[in-house]
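1. here's a sequence, model it:
(one chain, ligands or ions: 1)
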Amino acid sequence: MILENGVVRTMDPVLPVARALAIAGDRVAGGVGTHERALVSPERVDLGGRCVLPGFTDSHVHFPQWALAQRQVRLEGTRSLEEAVARVRDAVASTGPGRWLRGTGWRSGEWRPPSEPTKEALDAVTGDVPTALQAKDGHSLWLNSAALAEANGDLAVPGGVVELDEHDEPTGVLREESAWRFRETCVTTPEEEWLEAMRDGVRVANARGVTAIHDKDGWLGALGYFQSLEDEGSLTFRVWQSLPHERVGELAEVGIRSGFGDDLLRVGYLKVFMDGTLGSRTARLFDDSGVEITSRDELAEIVRCGAAAGFPVAVHAIGDRANRDALDAFEATRDAWEPLGLRHRIEHAQLLAPEDVGRFSALGVAASVQFTHAPSDRDLADDFWAGETDRAYAFRSLLEAGAVVANGSDAPVEELDPLLGIRAGVLRTLDHRAAWHPEQALSVDEAVHATTVAPAWLARDEACRGKLVPGFLADLVVLDRDPFACAPSELADVEVVATMLGGRWIFGGPPFNRTG
Ligand SMILES: [Zn+2]
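-> Next up is the predicted model:
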């Protein structure tokens, strides 16, 4: 097959732009540029001036959780209790037997006339479909009677609140610890429901140009779910799977190490947390505030165990202290992992001491960041990290210091949409406001690199994915226009027209109508 008459951005510095791309089987064929006419009677696809890029990787996504969240009733923006209940009513019919009806986003303070949610209001439309609706801030849960019955009256938890009515009966609203525990112990998800949601989710991701992900949900059984999708033929992106570091001993016992799997699904890396988050003020900072989940010495031990078992580590670190400790741990254990060529990564790396920025490249530890977090978090960061945000979300500083910078969405925290991520990395704003710390903005080329080339390196695929050069897998995305050439204000309009995985169209595909 020859894709011709377009702008092919290969992401290879030797030949960055071509007008055509030849594909044979699942690979990019030799002769990108002018030699493609040498092929025998190929299928010709007219790109009509459109742009081709390597397929996108989302380098940090909680895929099963994001997929399940796609099916929730969205209650954001409801202006009254009635409006919220009406949205729930519309969703009841599509909730399968024995399934939970889930929702999120309500905020009773915005309802007029002023009212509080009750189980009775839900019961009227849900009947006995157990229903759990999370508040927008995540700290309250609104349940119907069928849901409450699952707890057998056991709702009270230290640190939790059970709202009661005038008869001392639960109103249906739980807060804080009571809400958390209810969600963890009562709101169950059968395997088939995970698979249904993920099947749909894979198609949505493909439609957004995604041909690979680095998944963070190994702890909830994602590997098995992805394997089921692969068995039935519906896994149409490549997965680099994380697993909880606590299981490294069992993995070592049976001899499974990083890279085990096939060209679609592979066991990748170990997941560890150093600290909490910006939003909950649990990120660990140099002023000793925040929560330490893993100490420097503990991480060093985890890295050594991981190396002995053949695994790289991806460690979540948000605050500057957490990042310092993580870098120290990688440095202290270098003798154990460097000879093995393990590709460790720090997830988020949101606040860095200036003297730590250069250590990522010096150590060969990648920064796995989320470009969308900068515009999304700017108000919180300006508030909680006042006066220090010139070293927050410092993506350009990291790149200029030579670090491998990979971009992910952290969906469902943000939307799973690589083009949105690229735009956030370039513009440093996603609303009407001016760029936040524009000195940290990236070029389109750098943002695309972090979404294609860098994540392929992290998955040890730098010799077969992430660029459109001969011999590489034909994983690519066709865009309606060239993001490298359009005005910054036009980036929001760039659309995915088609996506190819290993030479096969998995979304859209020819014929492409000529652009007008
Ligand atoms: Zn995450």
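2. what residues are up against K216?
-> Taking CB atoms under 8 Å, 6 or more residues apart in numbering, we find K216 in contact with H60, V61, H62, F63, S242, K271. Yep, even glycine has a C-beta here, placed from its N, CA and C like the rest.
3. got phi/psi on E490?
-> phi -90, psi -10 (degrees, to the nearest 10).
4. mind listing what's buried along stretch 381-393?
-> A381, F384, W385, T389, R391, A392, Y393 (16 or more other CB atoms under 10 Å).
5. what is the mean pLDDT for that stretch?
-> Computed over stretch 381-393, the mean pLDDT rounds to 96.
6. so what touches that stretch?
-> Applying CB under 8 Å, 6+ apart, the contact partners of stretch 381-393 are 278, 281, 320, 350-354, 357, 369, 373-374, 377-378, 397, 436-437, 439-440.
7. what do you get if the cut-off is 6 Å, keeping everything else the same?
-> Q350, L351, L352, P354, A374 (CB atoms under 6 Å, 6 or more residues apart in numbering).
8. what of stretch 453-470?
-> Residues contacting stretch 453-470 (CB under 6 Å, 6+ apart): 10-12, 21, 28, 30, 54, 57, 59, 240, 343, 366, 404, 406, 452, 472-473.
9. ends of it, how far apart?
-> 15 Å (CA to CA, to the nearest Å).
10. could we number from 23 for the rest of this?
-> Okay, residue one is now 23; in that scheme the one you just asked about reads as stretch 475-492.
11. now that stretch: how far from the chain's centre is it?
-> 19 Å (CA atoms, centre = their mean, to the nearest Å).
12. ok, now stretch 316-325?
-> With CA atoms, centre = their mean as the basis, the mean position of stretch 316-325 lies at 25 Å from the chain mean.
13. pull out the buried residues from that stretch.
-> For stretch 316-325, using 16+ other CB under 10 Å, the buried residues are T316, R318, L321, A322, I324, V325.
14. relative to L245, which of those is nearest.
-> Distance to L245 across the buried residues of stretch 316-325 (CB to CB) is lowest for I324, with 19.7 Å.
15. A helix includes that closest one, no?
-> Yes: assessed with DSSP: H, G, I helix; E, B strand; the rest coil, I324 lies in a helix.
16. can you pull out the helices in the stretch 23-172 of the chain?
-> 85-91, 103-114, 141-148, 167-171 (DSSP state H, counting those that start in this stretch).
17. and the strands in the stretch 373-522 of the chain?
-> 388-391, 427-429, 498-501, 518-523 (DSSP state E, counting those that start in this stretch).
18. for those strands, which one sits closest to G223?
-> Of the strands of the stretch 373-522 of the chain, the one closest to G223 (CB to CB) turns out to be strand 518-523, at 14.4 Å.
19. re the thing from before, please pick the buried ones from the contacts of stretch 403-415.
-> Q372, L373, L374, A396.
20. grab the nearest non-local neighbour of the first one.
-> When you say that, I think you mean Q372. I340 (4.7 Å; CB to CB, 6 or more residues apart in numbering).
21. count of neighbours near the one you found?
-> 27 (other CB atoms under 10 Å).
22. swap in W202?
-> 17.
23. residues of the helix or strand where it lies that come out buried?
-> Assessed by DSSP states H and E, W202 sits inside helix 198-207. By neighbour count on 16+ other CB under 10 Å, the buried set for helix 198-207 is S200, A201, W202, R203, F204.
24. go through the residues you listed and say which is closest to D467.
-> Checking the buried residues of helix 198-207 against D467 with CB to CB, the nearest one is W202 at 43.1 Å.
25. contacts only, for that closest one.
-> Not one residue lies near W202 by CB under 6 Å, 6+ apart.
26. any idea of the pLDDT on it?
-> 88.
27. for L155, see how far away the residue nearest to Q372 is.
-> Remark: distance between I340 and L155 (CB to CB, to the nearest Å) = 29 Å.
28. swap in G271?
-> From G271 to L155 the distance is 40 Å (CB to CB).
29. over to G120?
-> From G120 to L155 the distance is 19 Å (CB to CB).
30. more neighbours, those two?
-> The neighbour comparison of G120 against L155 (other CB under 10 Å) goes to L155, with 26 against 10.
31. so that one bridges to which residues?
-> Listed by DSSP bridges, the beta-bridge partners for L155 are G125, W164.
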